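J.: How does the following fold in three dimensions:
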Amino acid sequence: MLTKEEVLEFHKGGKVGLRLPRPLKTADDLCLAYTPGVAHAVKEIAARPESIYECTAKPNLVAVVTDGTAILGLGDLGASASIPVMEGKAVLFKAFGDVDGWPVPLANCRTGGADKGRTDPQRVIDACMAIAPMYGGINLEDIAAPACFEIEDRLDAALDIPVFHDDQWGTAVISLSGVMNFARLAGKELKDLKIVMNGAGAAGIRICEMCKAAGVVDVTMCDSKGVISVDRTDLNPYKARHAVATSAKTLKEALVGADVFIGVSAANVLTGDDVKTMGEFPAIFAMANPDPEIRPEEVAAAMDGRPYVMVTGRSDYPNQINNVLGFPYLFRGALDVRATTINKEMKVAAANALAALAREPVTPEVAALYPNEKLEFGTGYIIPKPFDRRLFEVVSYAVAEAAVKSGVARLDVDLAAYRAELAARNKSRA
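T.: Numbers count the residues shown, from 1 in each chain. The predicted structure follows:
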């Protein structure tokens with residue numbers, strides 16, 4: 001366990017800074033970097049706008065944007081308090097995807113002004129539109145639902161760069177990869193799975209959408225009031241899209257016979273007796289943090305030797321849903337082909353790539369990092385580990401390939417050459 005003092009010491013001076021890709025040591029260097037030489041770059045961009053991708057840092061720079069209304073599991077603590085998380089996100093972008101992320105915490109984007117009240121979507125949208133010229137992509141982070149849906153949808157439609165809310169889609173992509181591999185272990189097609197979800201916020205809605213995009217048909221969602229059914233009159237438009245006709249009114253009732261439980265809700269909403277009512281070979285994705293919907297130990301006791309799959313959001317248990325498996329490589333692939341968006345095809349491709357990698361033998365380097373785990377495809381290992389360096393190549397490539405094939409890539413890319421380039425870059429980063 002880390003102490004508060006250790007963490008604060010680590011954060012002294014912040015976690016990000018400016019890296020200079022070219023030297024500034026001579027008078028000529030100064031003239032090239034600033035006046036008078038910089039005027040040529042300015043005029044080039046003015047005359048040929050697309051040259052901004054040649055003359056600036058834009059092609060590899062992502063804004064990590066938040067208003068601080070939903071920071072991790074801590075809630076609404078404001079823009080300033082969000083900065084350590086946004087810096088951390090930038091560190092992960094660079095370390096895993098070689099993407100230059102930069103924190104952009106936004107104040108005065110609330111209905112009550114300053115840092116009071118709910119998110120005002122228009123103010124966040126206006127701020128992002130204003131800074132967009134500098135960035136090759138925008139990663140939205142820790143913005144409360146339902147405002148986060150409108151913000152992402154409108155920005156994605158208005159801008160010609162990828163806009164991605166990681167709290168929605170990152171968790172969804174990784175979760176889908178786990179569901180894909182569970183289906184394989186269960187000997188079932190995705191269309192034959194019965195999935196019950198608890199939690200209908202940003203992550204829950206998008207997990208549902210991703211599962212359906214990949215071929216899942218039977219998904220029952222629950223919120224704090226019970227099953228999201230067609231006879232409810234209190235649903236927002238995002239929940240209403242996924243309302244189902246069912247006699248089940250509660251989570252416990254919906255779970256009977258289910259193959260998969262997916263929780264992005266609150267601690268201890270499930271019991272061992274609930275799990276016993278699920279299908280013969282169930283999967284429990286209990287992803288509430290820091291305390292899951294049900295403890296793995298309670299599931300193990302309830303199963304009493306029966307096979308099952310257990311997934312959490314914690315690093316101290318196997319099968320962790322960790323967003324770092326997704327966002328660095330989704331942006332890496334999107335930036336490399338200059339995609340205008342990160343569409344469903346690219347997200348599903350990332351999930352497929354993650355699932356396929358988990359079925360491959362792990363490298364000795366990865367095995368050495370996790371000496372107490374059996375990293376072999378099966379119930380205890382359906383999701384790759386974050387430090388598997390192959391992620392950089394296989395997921396980034398899958399995303400880029402999907403962007404090209406779905407028509408959102410602006411660069412004419414030789415995919416075979418790009419795959420070789422990723423391998424070379426990965427090797428050089430070792």
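J.: can you map out the strands along this structure?
T.: Taking DSSP state E, the strands of the chain run over residues 61-66, 100-105, 137-140, 163-165, 194-198, 218-223, 226-227, 260-263, 283-286, 309-312.
J.: Just put those strands in JSON lines and tack on distance to Phe387, mean neighbour count and mean pLDDT.
T.: For every residue, glycine as well, the C-beta is placed using N, CA and C. Converted to JSON lines, the strands of the chain look like this (distance: least, Cβ to Cβ, whole Å; neighbours: other Cβ atoms under 10 Å; pLDDT from 0 to 100):
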{"stretch": "strand 61-66", "distance to Phe387": "21", "mean neighbour count": "26", "mean pLDDT": "98"}
{"stretch": "strand 100-105", "distance to Phe387": "19", "mean neighbour count": "22", "mean pLDDT": "97"}
{"stretch": "strand 137-140", "distance to Phe387": "21", "mean neighbour count": "27", "mean pLDDT": "97"}
{"stretch": "strand 163-165", "distance to Phe387": "23", "mean neighbour count": "25", "mean pLDDT": "96"}
{"stretch": "strand 194-198", "distance to Phe387": "29", "mean neighbour count": "25", "mean pLDDT": "97"}
{"stretch": "strand 218-223", "distance to Phe387": "32", "mean neighbour count": "22", "mean pLDDT": "96"}
{"stretch": "strand 226-227", "distance to Phe387": "39", "mean neighbour count": "18", "mean pLDDT": "96"}
{"stretch": "strand 260-263", "distance to Phe387": "25", "mean neighbour count": "28", "mean pLDDT": "97"}
{"stretch": "strand 283-286", "distance to Phe387": "22", "mean neighbour count": "28", "mean pLDDT": "97"}
{"stretch": "strand 309-312", "distance to Phe387": "18", "mean neighbour count": "26", "mean pLDDT": "96"}
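J.: will you turn those strands into JSON lines that also has distance to Glu253?
T.: Below are the strands of the chain laid out as JSON lines (distance: least, Cβ to Cβ, whole Å):
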{"stretch": "strand 61-66", "distance to Glu253": "37"}
{"stretch": "strand 100-105", "distance to Glu253": "42"}
{"stretch": "strand 137-140", "distance to Glu253": "35"}
{"stretch": "strand 163-165", "distance to Glu253": "32"}
{"stretch": "strand 194-198", "distance to Glu253": "10"}
{"stretch": "strand 218-223", "distance to Glu253": "10"}
{"stretch": "strand 226-227", "distance to Glu253": "7"}
{"stretch": "strand 260-263", "distance to Glu253": "13"}
{"stretch": "strand 283-286", "distance to Glu253": "17"}
{"stretch": "strand 309-312", "distance to Glu253": "22"}
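J.: Indicate which one of those strands is closest to Ile52.
T.: For those, proximity to Ile52 was assessed by Cβ to Cβ; strand 61-66 is nearest, at 11.2 Å.
J.: how much does that closest one deviate in direction from strand 100-105?
T.: On the basis of axes from the mean of the first three to the mean of the last three Cα atoms, to 10 degrees, strand 61-66 is oriented at 30 degrees to strand 100-105.
J.: Kindly export strand 61-66 (C-alpha atoms) in CSV.
T.: What follows is strand 61-66 as a C-alpha-only set of coordinates in CSV (Å, rounded to 0.1, in the frame of the first residue of the first chain):
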residue,chain,number,x,y,z
LEU,A,61,-0.8,16.0,-29.7
VAL,A,62,-4.0,15.1,-27.8
ALA,A,63,-5.9,17.5,-25.4
VAL,A,64,-7.0,15.7,-22.2
VAL,A,65,-10.1,17.8,-21.4
THR,A,66,-12.2,17.8,-18.2
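J.: so how far is that strand off the chain centroid?
T.: Remark: strand 61-66 is offset 14 Å from the chain centroid, using Cα atoms, centre = their mean, to the nearest Å.
J.: how is this structure carved up into domains?
T.: If you go by automatic domain parsing, the domain ranges for the chain are 15-166, 169-312, 323-428.
J.: Of all those, which one is nearest Glu5?
T.: Taking Cβ to Cβ, domain 15-166 is the member of the domains of the chain nearest to Glu5, at 15.2 Å.
J.: Could you report the neighbour count for Ala39?
T.: Neighbour count for Ala39, taken as other Cβ atoms under 10 Å: 10.
J.: any idea how far it lies from Ile45?
T.: Applying Cβ to Cβ, to the nearest Å, the value for Ala39 to Ile45 is 11 Å.
J.: One more: Pro371?
T.: Taking Cβ to Cβ, one finds Pro371 at 52 Å from Ile45.
J.: Between those two, which has more neighbouring residues?
T.: Ile45 (17 against 6).
J.: Show the contacting residues for that one.
T.: 51-52, 55-56 (Cβ atoms under 8 Å, 6 or more residues apart in numbering).
J.: Below-threshold pLDDT in the stretch 301-430 of the chain: ranges please.
T.: Along the stretch 301-430 of the chain, segments meeting pLDDT under 70 span 430.
J.: what ranges do the helices span in it?
T.: 327-336, 344-358, 364-369, 390-405, 415-428 (DSSP state H, counting those that start in this stretch).
J.: Tell me which residues are up against the longest one.
T.: Contacts to helix 390-405, defined as Cβ under 8 Å, 6+ apart, come from residues 96-98, 325-326, 328-330, 332-334, 336-337, 339, 342-343, 345-346, 348-350, 352-354, 356-357, 360, 363, 384, 409, 413, 415, 418-419, 422-423, 425-426, 429.
J.: hmm, try it at 6 Å
T.: 329-330, 332-333, 336-337, 339, 345-346, 349-350, 353, 357, 409, 413, 415, 419, 422-423, 426 (Cβ atoms under 6 Å, 6 or more residues apart in numbering).
J.: Mind listing what's buried along that helix?
T.: Within helix 390-405, the residues scored as buried using 16 or more other Cβ atoms under 10 Å are 390-404.
J.: State which helix of the protein is the longest.
T.: The residue-count maximum for a helix in the chain (DSSP state H) belongs to helix 166-186.
J.: any idea of the mean pLDDT in that helix?
T.: For helix 166-186, mean pLDDT is 95.
J.: That one - contacts with which helices or strands?
T.: Packing contacts for helix 166-186, counted by 3 or more Cβ pairs under 6 Å, 6 or more residues apart in numbering; DSSP states H and E, involve helix 202-214, helix 344-358.
J.: Of all the ones you listed, which one comes closest to Ala267?
T.: Closest among the helices and strands packed on helix 166-186, using Cβ to Cβ: helix 202-214, at 15.5 Å.
J.: burial count for Glu365?
T.: Quick note: Glu365 (other Cβ under 10 Å) scores 11 neighbours.
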